Each structure stands twice: as C-alpha cells, then as structure tokens.
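> Give me a model of this one.
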Amino acid sequence: LILPNNFSTSALVFLNGLALMYVAKIRIKYILSIILSAFLFFLSIYSITKYTDFGSKIIPRSVTWVSRIDGFLLEKENDDMTKDYQQVQSLVAIQNGGIRGVGPGKSIQRSILPYSSSDFIFSIIIEEYGLIGGVGVILAYLILFFRATLISFKVESFFGNLVTIGLIFSLVFQALINMLVTVEILPITGQTLPLISMGGTSIVFTCISIGIVLSISRDSTDRDYEKA
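Residues are numbered from 1 along each chain as shown. The predicted structure follows:
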C-alpha cells in the first residue's frame, strides 16, 4: 500500500520490520531470504522502468525512483557543479558551520536551501551551531534509543517489547536517513528529522510513539512496585 506512493517510507517500514524480526529471534536464513527477495524485486522494477515503459504503468512513481538513483550515482562521477542543487547547498551550509557555527539565527543558507526547515534542517543546525551542535543532536537520538532499549529489556510482555523496539527503531532510522541525506551519503528521500523538522502530522505521530513507549515503561515500573 505504501510502496506505490512513497518508496522511502516503505523502505523505512521494511528496515523496521527486519529489526523486529531479528529481535523476535526469527532465524537469520529467513531474514536473509526476505532481504534477497526484496532486492530482486527492486532490481526488477528498476530495470523494467529504466529500459521499458511497462514499469511506469505498474508503479507510476517508479520513474521518479529511477531518476533519483541514476542522478545520485552519476553525481559521484561528475564534478560538483552538476550535483543536485539541494544537496550542494546542504554541503555549503555544513561547511559554513565549521566547529562552532555562525550563531543562532545567523544562517545564510536558510533562505537559499529548499526545505531548510524540514528535509534539510540538520544542515542548518550544523551551520548555526557547528559540529558541536550536530554531534549534540546525534547524541540526543542515541540517548533516546538507549533509554527505549532499556525499557524494552524491563518489559515482561513480549508484545510490549516488540512495540517499544519497533517505535524507537522507526524514529531513529528516520533520523539516521535524514542525516545521511544532508551529507550526500544517500539520495534525497524526503524523510524529515523527527521532533525537529517543521511539520504537524510528523510531530504528532512522533509524540504519540514516544507516549506509547512511556506508557509501556510506566506499566512496567508499576508492576515492579507491586512485586516489591
């Protein structure tokens, strides 16, 4: 249902599913077979769309996927002037930031870089607060991931464990993908930075996810008190 309209979100859900299967102790050979099947499916869609017109009839958005992937791969072979405008400006913002940054609210690239308040907010953070600010954001997500992992270990319910891991993995994976796009390691995906990027729906669902994790943690703590 998600794949025909949004490849990056479907890939995020797929990675999250793999993580849950690993946590649920599904045999590695089954997980690897799913990965191989997904890779072959994607490769077939890519080839059909690139060399024929049939792929676009099956999945209309596949043309966009192929163009982004080809553009990203070709950029690695060409000079900097032919790169994607957004990622070039993102790298400029990161370079301007240096170690300490230019200062809060003094970003130059904020008015030049498209989607600077959503998809590329991490670049603006580094420009204004420098490498120190960027590392601080990364550490904040790592702390959130670490705390949620500890909660999952304390939960007695297997379902609660999977829910906690699934929600936090989804959040951290999305943050990681967003950061990798800003430094041009991945092609543009359209994924926002959770809790930081501007956007109503994204923030609401992220807060709901964190609220569910906190609810599971409270339930686990209450049971510990009852046992004591």
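> where does I125 land in three-state SS?
helix (DSSP: H, G, I helix; E, B strand; the rest coil).
> Make residue 1 into 701 and carry on from there
With 701 as the first residue, the last one maps to I825.
> Isn't it up against A840?
No. Assessed by C-beta atoms under 8 Å, I825 is found out of contact with A840, at 11.1 Å. Any C-beta I mention is one placed from the backbone N, CA and C, and that applies to glycine too.
> Between the two, tell me which one has more neighbours.
Each of I825 and A840 has its neighbours counted (other C-beta atoms under 10 Å); I825 has more, 23 against 13.
> Quickly find the element holding the residue nearest to that one when sequence neighbours are not counted.
Of all residues not flanking I825 in the chain, G833 sits nearest, at 5.3 Å (C-beta to C-beta, 6 or more residues apart in numbering). Under the criterion of DSSP states H and E, G833 resides in helix 821-854.
> Check L813 too.
For L813, there is no enclosing helix or strand under DSSP H and E.
> wait, it sits on D784?
No. Using C-beta under 8 Å, L813 and D784 do not qualify as a contacting pair, with a distance of 11.6 Å.
> neighbour count winner among those two?
A count of neighbours by other C-beta under 10 Å puts L813 above the other of L813 and D784, at 25 against 15.
> Look up phi and psi at the more buried one.
phi -80, psi 120 (degrees, to the nearest 10).
> what residues are up against it?
By C-beta atoms under 8 Å, 6 or more residues apart in numbering, the contact set of L813 is Q786, Q789, S790, A793, F820, S823, I824.
> wait, what's in contact with N716?
So, once contact is read as C-beta under 8 Å, 6+ apart, N716 ends up touching G866, F869, S870, F873.
> Go through these and say which is closest to I748.
For these, the closest approach to I748 (C-beta to C-beta) belongs to F873, at 27.9 Å.
> how near is that closest one to F853?
When C-beta to C-beta, to the nearest Å is applied, the distance between F873 and F853 equals 20 Å.
> Show me where this protein has its helices.
Here the chain has its helices, by DSSP state H, at 707-723, 728-751, 754-758, 762-775, 785-797, 821-854, 858-882, 900-927.
> and P804, which of those is closest to it?
helix 821-854 (5.5 Å).
> what angle separates that closest one from helix 900-927?
For helix 821-854 against helix 900-927, the angle by axes from the mean of the first three to the mean of the last three C-alpha atoms, to 10 degrees is 20 degrees.
> counting contacts, what elements does helix 821-854 pack onto?
In terms of contact count using 3 or more C-beta pairs under 8 Å, 6 or more residues apart in numbering; DSSP states H and E, helix 821-854 is assigned the packing partners helix 785-797, helix 858-882, helix 900-927.
> And these: which comes nearest G805?
helix 785-797 (13.6 Å).
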